[in-house]
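> Next come a sequence and a model predicted from it.
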Amino acid sequence: MAGICIKPMVLCLVLVFVLGHAIAEFPKFHHRMKGGNNNNGTLNFLVIGDWGRRGEYNQSQVANQMGRVGEELDIEFVISTGDNFYDNGLSGEKDPEFVESFTNIYTATSLQKQWYSVLGNHDYRGKVAAQLSPYLHQVDSRWFCSRSFIVNTEIAEIFFVDTTPFVRDYFRAPNEHSYDWRGVTPLRRYISNVLTDLQLALKKSKAKWKIVVGHHAIKSVGHHGDTVELVNLLLPILREYNVDFYMNGHDHCLEHIRDKKSTIQFLTSGAGSKAWRGDVKPFNNEGVRFFYDGQGFMSLQLTEEEAKIAFYDVFGQVLHKWTSSSQLHSDM
């Protein structure tokens, strides 16, 4: 399996688990692209979010189509935008939900690749340490989840950001849900460290494509809408360092929205299982290139010269395509 070295990854996982927010910089992993095959210098991967429901709400059907598209594109890996296990994350390392909602669902040969995952708000309702634990990597070697980290490829750098602690509503009382905030307190320092580390990493990056992944949307016309805290704190950094794509889940839909003040494209892929039909906020189409309120997923194909994105529904039909040049950062 192409990807990161297993032993160093496990070591880094242990460090993340033990040290938590004390790490000075985002852990960085180098994903070695496989040679030959159908890629010819192209980095292909899938993006899925808000999925873990033991196959229900069309999760299994979406997984089947991911397997088909993954084979056609000869993908390198899969990105999960969070809310990996519903409704309340994992209860522990040996929670059967992990196998029942992940291992037993994404069984296609093309999906037996590395999965890079961030945490969502539903994951924080369980024991966060369970999803971050190296034990799950032993159960299923595809699994990798951390709070914030970087995946470096030959073509792109992908910056994964832990966005749930940014959202103030989760901390306000009364709250019908309980969250596992161990490892993110004191909160103000944690958020400051995340932003500082991201800014430093983006400043150092020489990648052709810069992609940031978080669970919560910066811009969305779905149920939750824009995340004000990310608009105020994260978006200015993405604009300053010319990030190409911000990818998220949280809203159970598929979206493509163009930033009005930069070349950033906001891509929502949070339709891995339960979708919210008809739950869309009024908008005047300004900046909104695509919205779909059903289940599905997204693919990205990156070369040194261009990026191609595509959104698929539960039947594997292409709903929306878009191409961008790395030279001009404009529509083709």
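Yep, it's here.

> what ranges do the strands span in the stretch 101-250 of the chain?
For the stretch 101-250 of the chain, the strands defined by DSSP state E, counting those that start in this stretch occupy 114-117, 143-145, 149-152, 156-160, 209-213, 245-248.

> chain center to the first one, what's the gap?
For strand 114-117, the separation from the chain centroid amounts to 9 Å (computed by Cα atoms, centre = their mean, to the nearest Å).

> Run me through the strand neighbours of it, direction for each.
strand 77-80 (parallel), strand 143-145 (parallel) (DSSP bridges).

> Nearest to M66, out of these?
When the strands paired with strand 114-117 are compared by Cβ to Cβ, strand 77-80 sits nearest M66, at 7.6 Å. Yep, even glycine has a C-beta here, placed from its N, CA and C like the rest.

> that older thread, quick one: closest of the strands of the stretch 101-250 of the chain to V62.
Across the strands of the stretch 101-250 of the chain (criterion: Cβ to Cβ), the nearest stretch is strand 114-117, sitting at 14.6 Å.

> right, and A156 touches L43 too?
Yes: the criterion here is Cβ atoms under 8 Å, and A156 meets it with L43 at 6.1 Å.

> Is A63 in a helix, a strand, or coil?
At A63 the chain is in helix, as set by DSSP: H, G, I helix; E, B strand; the rest coil.

> With G316 as the reference, name the closest of the strands paired with strand 114-117.
strand 77-80 (15.7 Å).

> And the next helix or strand past that closest one?
With elements assigned by DSSP states H and E, the helix or strand that comes after strand 77-80 is helix 97-98.

> any idea of the mean pLDDT in that following helix?
For helix 97-98, mean pLDDT is 98.

> Stretch 245-259 now?
Mean predicted confidence for stretch 245-259 is 98.

> Take the strands paired with strand 114-117 and write them to CSV, including distance to V318, mean pLDDT and mean neighbour count.
Formatted as CSV, the strands paired with strand 114-117 follow (distance: least, Cβ to Cβ, whole Å; pLDDT from 0 to 100; neighbours: other Cβ atoms under 10 Å):
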stretch, distance to V318, mean pLDDT, mean neighbour count
strand 77-80, 18, 98, 25
strand 143-145, 28, 98, 24
